[in-house]
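>>> Got a predicted model here, sequence first, then my questions.
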Amino acid sequence: MTAATVTRGLVDIRNVHKSFHGTEVLRGVDLTVQPGEVVALLGPSGSGKSTLLRTINHLETVDAGSVTVDGEFIGYELRHGKLHELREREILQRRTQVGIVFQNFHLFPHLTAIENVIEAPIALKRLSKSDALELARGLLDRVGLAHKADAYPRQLSGGQQQRVAIARALALQPKVLLFDEPTSALDPELVGEVLDVIRDLAKLGTTLVIVTHEIGFAREVADRVVFLDDGRVIEQGSPDEVLSRPRHPRTREFLAKVLG
Ligand SMILES: Nc1ncnc2c1ncn2[C@@H]1O[C@H](COP(=O)(O)OP(=O)(O)OP(=O)(O)O)[C@@H](O)[C@H]1O
Ligand SMILES: [Mg+2]
């Protein structure tokens, strides 16, 4: 293994603060995710989970603190000891290191499954069209959708659309993959097929940060469970520690609710 593969995907979040219209929604978050680690991020609605994920790939700027991936800022550069936001084009290039999969898939409706997957590698001039198609066929196969390459999103089930969205995120070969409630828009019988794909990614050693309310899944795949409440990490540890023996009353309250 080369040094480059050993250091892939270290996420370092330090003292991140973020406010919207004067309301602080991230209040000093510290979180380090090791390369290959799978972190499940749990917390009540409004606790800042999506905002935190979005700061990792600079879909959201931070007011204070820093986020780096393998030591590099995604949206900023350090000049004379100060952080300056990069230009849009550079941000787009660097953002490709961090893939994100959303609750509602966000596929391009006018493009077929395979066209959705090849769009970014071609737009960012990473690959020729024929190389992108070859990569995309492989990725669609990996998510079990080789036979749906030419289908449009409206012709696919929610679970299939989400698997295309995962293939699309993988097409840029990100160091880190973020999932924001990837199964919560799905009918219950379609949840399993998406979780199977995420489980495979976890086994392959991709660094994953997964916001989920699927507690059973978090217990099974996560190396670490992090509980966010009111913009702060209030508890973290192994799935067994946090899910079976939560120390913080807010964690207990949350788990009692989601486990019904
Ligand atoms: N772009 C925005 N403008 C204003 N307020 C925002 C924005 N994005 C998020 N917020 C607010 O920040 C807080 C945290 O939101 P966030 O979406 O991060 O929570 P969450 O933990 O992901 O919740 P949920 O489980 O409901 O998805 C909420 O009060 C939300 O209303
Ligand atoms: Mg959210």
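Yep, it's here. Ligands and ions are numbered 1, 2, ... in the order given.
>>> How confident was the prediction at Asn104?
pLDDT for Asn104: 94.
>>> I should have written Pro44 there, sorry.
96.
>>> Skipping adjacent residues, who's closest to it in space?
Leaving aside its chain neighbours, Pro44 sits nearest to Phe254 (5.6 Å; criterion: CB to CB, 6 or more residues apart in numbering). The way it works is simple: take the backbone N, C-alpha and C, and place the C-beta from them, glycine included.
>>> Identify the residues contacting that neighbour.
Leu42, Gly43, Pro44, Phe227, Asp229 (CB atoms under 8 Å, 6 or more residues apart in numbering).
>>> From ligand 1, how far off is the fourth one?
Distance, Phe227 to ligand 1, by CB to the nearest ligand atom, to the nearest Å: 11 Å.
>>> What count of nearby residues applies to that residue?
25 (other CB atoms under 10 Å).
>>> Same check on the third one?
Number of residues near Pro44 (other CB under 10 Å) recorded here: 16.
>>> Tell me who's in contact with it.
Pro44 neighbours (CB under 8 Å, 6+ apart): Asp229, Arg250, Phe254.
>>> could you dump these to CSV with pLDDT, secondary structure and distance to Asp240?
Below are the contacts of Pro44 laid out as CSV (pLDDT from 0 to 100; DSSP: H, G, I helix; E, B strand; the rest coil; distance: CB to CB, whole Å):
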residue, pLDDT, secondary structure, distance to Asp240
Asp229, 97, strand, 20
Arg250, 96, helix, 19
Phe254, 95, helix, 17
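>>> Return the member of the residues you listed nearest to ligand 1.
Asp229 (9.4 Å; CB to the nearest ligand atom).
>>> excluding its backbone neighbours, what's nearest that closest one?
Per CB to CB, 6+ apart, closest to Asp229 is Arg250, 4.7 Å.
>>> any idea of the pLDDT on the nearest residue to Gly75 once chain neighbours are set aside?
Leaving aside its sequence neighbours, Gly75 sits nearest to His58 (CB to CB, 6+ apart; 3.3 Å). Note for His58: predicted pLDDT of 91.
>>> Make sure His58 is indeed in a helix.
No - judged by DSSP: H, G, I helix; E, B strand; the rest coil, His58 forms no part of a helix; its state is coil.
>>> right, and it touches Glu90 too?
No - counting by CB atoms under 8 Å, Glu90 is not a contact partner of His58; they are 10.5 Å apart.
>>> ok, the two, which is more surrounded?
Taking neighbours as other CB under 10 Å, His58 and Glu90 compare with His58 leading, 21 against 14.
>>> helix/strand/coil for Glu77?
Applying three-state DSSP: Glu77 is strand.
>>> From Gly99, how far off is it?
Distance, Glu77 to Gly99, by CB to CB, to the nearest Å: 22 Å.
>>> Of those two, give the one with the bigger neighbour count.
When Glu77 and Gly99 are compared for neighbours, Gly99 comes out ahead with 24 against 13, by other CB under 10 Å.
>>> ok, Arg89 - how many residues close by?
Counted with other CB under 10 Å, Arg89 comes out at 9.
>>> Could you check how far it is from ligand 1?
From Arg89 over to ligand 1 (counting by CB to the nearest ligand atom), the distance is 23 Å.
>>> Which secondary structure element is home to that residue?
Assigned by DSSP states H and E, Arg89 belongs to helix 88-95.
>>> CA atoms only for that helix - export them in PDB, please.
Below are the C-alpha coordinates for helix 88-95, written out as PDB (Å, rounded to 0.1, in the frame of the first residue of the first chain):
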ATOM      1  CA  GLU A  88     -16.000  28.800  -7.000                       C
ATOM      2  CA  ARG A  89     -14.100  26.700  -9.600                       C
ATOM      3  CA  GLU A  90     -11.500  25.700  -7.100                       C
ATOM      4  CA  ILE A  91     -14.100  24.800  -4.500                       C
ATOM      5  CA  LEU A  92     -15.900  22.600  -7.100                       C
ATOM      6  CA  GLN A  93     -12.600  20.700  -7.700                       C
ATOM      7  CA  ARG A  94     -11.800  20.300  -4.100                       C
ATOM      8  CA  ARG A  95     -15.400  19.400  -3.200                       C
END
